[in-house]
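Engineer: no sequence for this one, just the structure:
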């Protein structure tokens, strides 16, 4: 049986990795490049972690797996996605059905853990350390220094406050925290591989994403982060010399030049109405000052205090729901999908929706024109490269997609929610109802954000040496890895097999693999026999 290892390096970007390989600073990456296959990997549109990792593990585009961002798109309330929102089967579901054993560690969006043939430890979007985030449950008890190693959970939003402070005042300390978290997940993964039988292992190293978000301006610290990843990859390869390795990232990275707030644009156009948003009023200014003080306190608190405080977590999440910030009885459109999507408040979708179906196309055209014509007030340059209708990006059968998708010019990023002016003096300077929609500074302290292309590496038995792959996309990872394992491909996926990276062209077979572990269905005996018969797909 051919063992396969998939190492995700979140946010790893060719613009950084390739020069460092050429300079000899990433010896293991360079060895894989020379003795294996590598190239760019196109992310999803937009290039976000949640949909991209879902596409990597399912072989499907977002329209089919239904994940468009960290938040759900089927409600005006803010709900973080969970594994139950993924509408397509993942690696571990397919392999569990045919009795192959999995080790899955730190993959974003996998909470709550699924019942698989093997072990799963969930990653980003796990609510808290108190959660049942392992399968089987008893694995959690073994996450100690004496057994598998301590496992540091990452909690979205909560850790960003202290990170933003450290990025500005103690960047070296922030890097050490990032490396410590990454090392903890790598140690647990290596120990699981040593102590358990497995056919497929997947681990995601998230430190590169965090470092590039907050330390993009510090090349010296980014180098240390990538070198740590290089070291971990070398150690895992040395432990498993007979395995085939795939190393992928969900997207790339670039420096943030400016930030667009689409909700501010919609507010200025009269399409979005906030709750209690009366600029110049004394009550608004008091709330504004209280919010500033609260955010500064959160930045100064140690990350462990914030992570371990259920009270602080409750305050942070309870105040961020869209229906507590936006007056949906008067709102026609609002941003979603981490600021790159626009949702129309349709009557036939939301109980609070006010847009009739007959008016839908006109509203879409109005918003498309609004954002296509949008320019940076400071420079006059265009901000939005293209505005897509959902069908163009996700297909006619897409599950609850954003109605419109923004493709921004390089250097621009976007964030959800209305952003208020940065100071009381800015509030008092406001003329009429219009508010700024482009800002230079990120309130979270980020200096980098996602770019459209990540990286793809393949190394080991059956893999070509010194080959550069072209035209690969995130949804191509699953069919290519299943082929390397020696398993026929399921019908219904969007990804294509990257045939060219194999020394011998594999004999590809497809099966009607409709089973999904959460549906209660199972493969028929006929299909099981067919899969077993087709397992050896190389000549």
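Structural biologist: Ah, there it is. If you're wondering where the values come from, they're calculated on a predicted model, not measured in any experiment.
Engineer: Helices of the stretch 401-539 of the chain, start to end?
Structural biologist: Along the stretch 401-539 of the chain, counting by DSSP state H, counting those that start in this stretch, helices occupy 424-429, 477-485, 525-533.
Engineer: Point out the other helices and strands that the second one packs with.
Structural biologist: Spelled out, it's helix 477-485. Helices and strands touching helix 477-485, by 3 or more Cβ pairs under 8 Å, 6 or more residues apart in numbering; DSSP states H and E, are strand 4-9, helix 49-58, helix 91-97, strand 244-248, strand 453-459, strand 489-490. In short, each C-beta sits where N, CA and C put it, glycine included.
Engineer: Same list (the ones you listed) but as a markdown table, adding mean pLDDT and distance to residue 27.
Structural biologist: A markdown table is the format used below for the helices and strands packed on helix 477-485 (pLDDT from 0 to 100; distance: least, Cβ to Cβ, whole Å):
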| stretch | mean pLDDT | distance to residue 27 |
| --- | --- | --- |
| strand 4-9 | 98 | 16 |
| helix 49-58 | 97 | 26 |
| helix 91-97 | 93 | 29 |
| strand 244-248 | 98 | 14 |
| strand 453-459 | 98 | 13 |
| strand 489-490 | 92 | 34 |
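Engineer: highest average neighbour count across these?
Structural biologist: Per residue and on average, the most neighbours among these fall to helix 49-58, with a mean of 29 (mean count of other Cβ atoms under 10 Å).
Engineer: circling back to that earlier point, nearest to residue 345, of the helices and strands packed on helix 477-485?
Structural biologist: Nearest to residue 345, of all these, is helix 49-58, at 22.4 Å by Cβ to Cβ.
Engineer: how near is residue 133 to residue 56?
Structural biologist: Distance of residue 133 to residue 56, given as Cβ to Cβ, to the nearest Å: 20 Å.
Engineer: whoops, residue 470 was the one
Structural biologist: Separation of residue 470 from residue 56 (Cβ to Cβ): 18 Å.
Engineer: now do residue 120
Structural biologist: For residue 120, the distance to residue 56 equals 16 Å [Cβ to Cβ].
Engineer: what do you get for residue 114?
Structural biologist: Note on residue 114: its distance to residue 56, by Cβ to Cβ, is 16 Å.
Engineer: Please report the residue range of the longest helix in this protein.
Structural biologist: In the chain, assigned by DSSP state H, the helix with the most residues is helix 171-195.
Engineer: Outside of that helix itself, list whatever touches it.
Structural biologist: The contact list for helix 171-195 (Cβ atoms under 8 Å, 6 or more residues apart in numbering) reads 103, 105-106, 119, 121, 143, 147-152, 154, 163, 166-167, 198, 201, 203-207, 210-211, 214-215, 218, 221, 224-225, 228-229, 232, 235-236, 239-240, 303.
Engineer: Mind checking the pLDDT average for it?
Structural biologist: Averaged over helix 171-195, pLDDT sits at 96.
Engineer: cool, stretch 393-410 as well?
Structural biologist: Averaged over stretch 393-410, pLDDT sits at 95.
Engineer: Leaving out chain neighbours, which residue sits closest to residue 131?
Structural biologist: Take residue 131 and drop its neighbours on the chain: the residue closest to it by Cβ to Cβ, 6 or more residues apart in numbering is residue 111, 6.8 Å away.
Engineer: quick one, phi/psi of the one you found?
Structural biologist: Main-chain torsions, residue 111, degrees, to the nearest 10: phi -80, psi 140.
Engineer: Count the residues that sit near it.
Structural biologist: A count of nearby residues for residue 111, using other Cβ atoms under 10 Å, gives 24.
Engineer: The one 10 residues further on now?
Structural biologist: Residue 121 has 27 neighbouring residues, counting by other Cβ under 10 Å.
Engineer: Equivalent analysis for residue 360, please.
Structural biologist: By the criterion of other Cβ under 10 Å, residue 360 has 15 neighbours.
Engineer: my read: it touches residue 345, true?
Structural biologist: No. Residue 360 is beyond contact range of residue 345, at 10.4 Å (criterion: Cβ atoms under 8 Å).
Engineer: so what secondary structure elements neighbour the helix or strand containing residue 203?
Structural biologist: Residue 203 belongs to strand 200-205 when assigned by DSSP states H and E. Judged by 3+ Cβ pairs under 8 Å, 6+ apart, the packing partners of strand 200-205 are strand 4-9, helix 91-97, strand 102-107, helix 171-195.
Engineer: next structured bit after it?
Structural biologist: For strand 200-205, the following helix or strand on the C-terminal side (DSSP H and E) is helix 207-215.
Engineer: chain center to that following helix, what's the gap?
Structural biologist: Distance of helix 207-215 from its chain centroid, counting by Cα atoms, centre = their mean, to the nearest Å, is 13 Å.
Engineer: Report the angle between that helix and helix 49-58.
Structural biologist: On the basis of axes from the mean of the first three to the mean of the last three Cα atoms, to 10 degrees, helix 207-215 is oriented at 160 degrees to helix 49-58.
Engineer: ok, residues contacting helix 207-215?
Structural biologist: For helix 207-215, the surrounding residues in contact (Cβ under 8 Å, 6+ apart) are 9-13, 49, 154, 163-164, 166-167, 171, 174-175, 178-179, 181-182, 221-222, 225-226, 228-229, 249, 253, 445-449.
Engineer: So which bits of the next helix or strand after that helix are buried?
Structural biologist: For helix 207-215, the following helix or strand on the C-terminal side (DSSP H and E) is helix 219-239. By neighbour count on 16 or more other Cβ atoms under 10 Å, the buried set for helix 219-239 is 221-230, 232-234, 236-237.
Engineer: Quick check: the farthest pair among those?
Structural biologist: Farthest apart among those by Cβ to Cβ are 221 and 237. That separation is 25.1 Å.
Engineer: of the helices and strands packed on strand 200-205, which approaches residue 453 most closely?
Structural biologist: When the helices and strands packed on strand 200-205 are ranked by proximity to residue 453, the top entry is strand 4-9, at 13.6 Å, counting by Cβ to Cβ.
Engineer: now for the helix or strand following that closest one, which elements pack on it?
Structural biologist: For strand 4-9, the succeeding helix or strand toward the C-terminus, using DSSP H and E, is helix 14-22. In terms of contacts (3+ Cβ pairs under 8 Å, 6+ apart), helix 14-22 is packed against helix 27-35, helix 219-239, strand 252-255, strand 453-459.
Engineer: Turn the helices and strands packed on strand 200-205 into JSON lines, including distance to residue 60.
Structural biologist: Output for these, formatted as JSON lines (distance: least, Cβ to Cβ, whole Å):
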{"stretch": "strand 4-9", "distance to residue 60": "16"}
{"stretch": "helix 91-97", "distance to residue 60": "12"}
{"stretch": "strand 102-107", "distance to residue 60": "15"}
{"stretch": "helix 171-195", "distance to residue 60": "25"}
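Engineer: For residue 271, find the nearest of those.
Structural biologist: Per Cβ to Cβ, nearest to residue 271 of the helices and strands packed on strand 200-205: strand 102-107, 36.8 Å.
Engineer: starting at the chain centroid, how far to the closest one?
Structural biologist: From the chain centre to the centre of strand 102-107 is a distance of 16 Å (Cα atoms, centre = their mean).
Engineer: any idea of the mean pLDDT in that strand?
Structural biologist: The predicted model gives strand 102-107 an average pLDDT of 98.
Engineer: Spatially nearest residue to residue 414 (excluding sequence neighbours)?
Structural biologist: Per Cβ to Cβ, 6+ apart, closest to residue 414 is residue 339, 3.4 Å.
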